[in-house]
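**Student:** What follows is a predicted structure for the sequence shown.
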Amino acid sequence: MRLQSAIFDMDGTLLDSMPMWQGLGTGLLRHFGVEPAPDLLERLKPMTLRQGVVYCRETYHLDASEEELMAMLERRVDDFYHSEVQAKPGVQKFLSLLKMEGVWIYVATATDRHLAQAALRHAGIDGYFRGIVTSADVARGKEESPEIYERAMRRLQSNKKDTVIFEDALHAVRTAKAAGFRVAAVYDPAAEDDQAELRQLADYYIRSFDEMFEATALE
C-alpha cells in the first residue's frame, strides 16, 4: 500500500464507537418504557440524529418535545466521547508507523468537530493528525459528495494517486471510489452485511489494523 498521505474516517474506522450509535434509538425508547420494533436500527441507519429523533417521537408517540429528546441523546454522545470511547485494536500502532514513515494524515468525519476532538483525545490518538474536516465544514454528507475527502487532500498538499482513504461504511467507500480515490475498507461489525460488497469495491480490505503488521503494509 504505497501512500504519501492518508485520510481516516473516525467512527467505526479509528474508533470502536458504532455500538454506542446503534444503541441510541433503543436506549431512548426504553427510557420511556417503550420496546422498539425489530427493524428500528435499519430504519434509523440512514438518518441524521435529528431525523431519528423525529422518527422515534412520531412513530412511538413519545411524551417529550423534539428538543428535549435531542438534548438527551446529545448528552449521551458527549459523555461517551469524553469519557468512554476507545481506539480500535491496532490503530495507535498503525498511526505510529505512518508517522515514522512520514505519511501525513487527516480525519474526515460526519461527527461534529468538538465531539471528534474530544473522542480522538480520549482515545489517545489526537496527536497523529494534521487536522479534521467534518461534514458540517463542507455542508454535505459523504453519501452526497466527495468534497470532505477532497478538502482534506488539499490540506495535506497531496493528490488522489498518493492518498488512501480508510472507511468502514459502504456509502462512503462508494463515494470515494467514484471520485477516483484509492480506498481501504475497514471491517466493523456494525456493517457485517456489507462486507462482501466492501471487499469487492475497495482497493484494500482490512479486517483489523493489527493485521497490517503481518505483512509489509507500506511497500
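**Tutor:** Sure, I can see it.

**Student:** Give the residue spans of this protein that score low on pLDDT.
**Tutor:** When residues are selected by pLDDT under 70, those of the chain lie in 1, 46, 213-219.

**Student:** Got phi/psi on Y205?
**Tutor:** The phi/psi pair for Y205 (degrees, to the nearest 10) reads phi -130, psi 130.

**Student:** thought it was touching D194?
**Tutor:** No - using C-beta atoms under 8 Å, Y205 makes no contact with D194, being 11.7 Å away. C-beta here means a position set from N, CA and C on the backbone, and glycine is covered the same way.

**Student:** starting at the chain centroid, how far to the helix ranked longest in the chain?
**Tutor:** Using DSSP state H, we find that the single longest helix of the chain is helix 66-83. Mean-position distance between helix 66-83 and its chain equals 18 Å (C-alpha atoms, centre = their mean, to the nearest Å).

**Student:** Ok, stretch 48-62 next?
**Tutor:** On the basis of C-alpha atoms, centre = their mean, stretch 48-62 sits 22 Å off its chain's mean C-alpha point.

**Student:** Report the buried residues of that stretch.
**Tutor:** Neighbour-count burial for stretch 48-62, counted by 16 or more other C-beta atoms under 10 Å, picks out L49, G52, V53, C56, R57, Y60, L62.

**Student:** rewinding a little: using CSV, list the CA coordinates for the next helix-or-strand element following the longest helix of the chain.
**Tutor:** Past helix 66-83, further along toward the C-terminus, the next helix or strand under DSSP states H and E is helix 91-100. Output of helix 91-100 as CSV, limited to C-alpha atoms (Å, rounded to 0.1, in the frame of the first residue of the first chain):
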residue,chain,number,x,y,z
VAL,A,91,-5.0,1.7,15.4
GLN,A,92,-2.4,3.5,17.6
LYS,A,93,0.4,1.2,16.4
PHE,A,94,-0.6,1.8,12.8
LEU,A,95,-0.8,5.5,13.1
SER,A,96,2.7,5.5,14.8
LEU,A,97,4.0,3.6,11.8
LEU,A,98,2.6,6.1,9.4
LYS,A,99,4.1,8.9,11.4
MET,A,100,7.5,7.3,11.3
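
**Student:** Now helix 91-100: buried residues?
**Tutor:** Buried residues in helix 91-100, counted by 16+ other C-beta under 10 Å: V91, Q92, F94, L95, L98.

**Student:** just curious, which of those is nearest to M153?
**Tutor:** Minimum distance to M153 across the buried residues of helix 91-100 is 15.7 Å, recorded for L98 (C-beta to C-beta).

**Student:** all strands for this protein, in order.
**Tutor:** Along the chain, counting by DSSP state E, strands occupy 5-8, 104-109, 132-134, 163-167, 182-186, 204-206.

**Student:** what domains does the record give for the protein?
**Tutor:** Using automatic domain parsing, the domain ranges for the chain come out as 5-16+86-213, 18-83.
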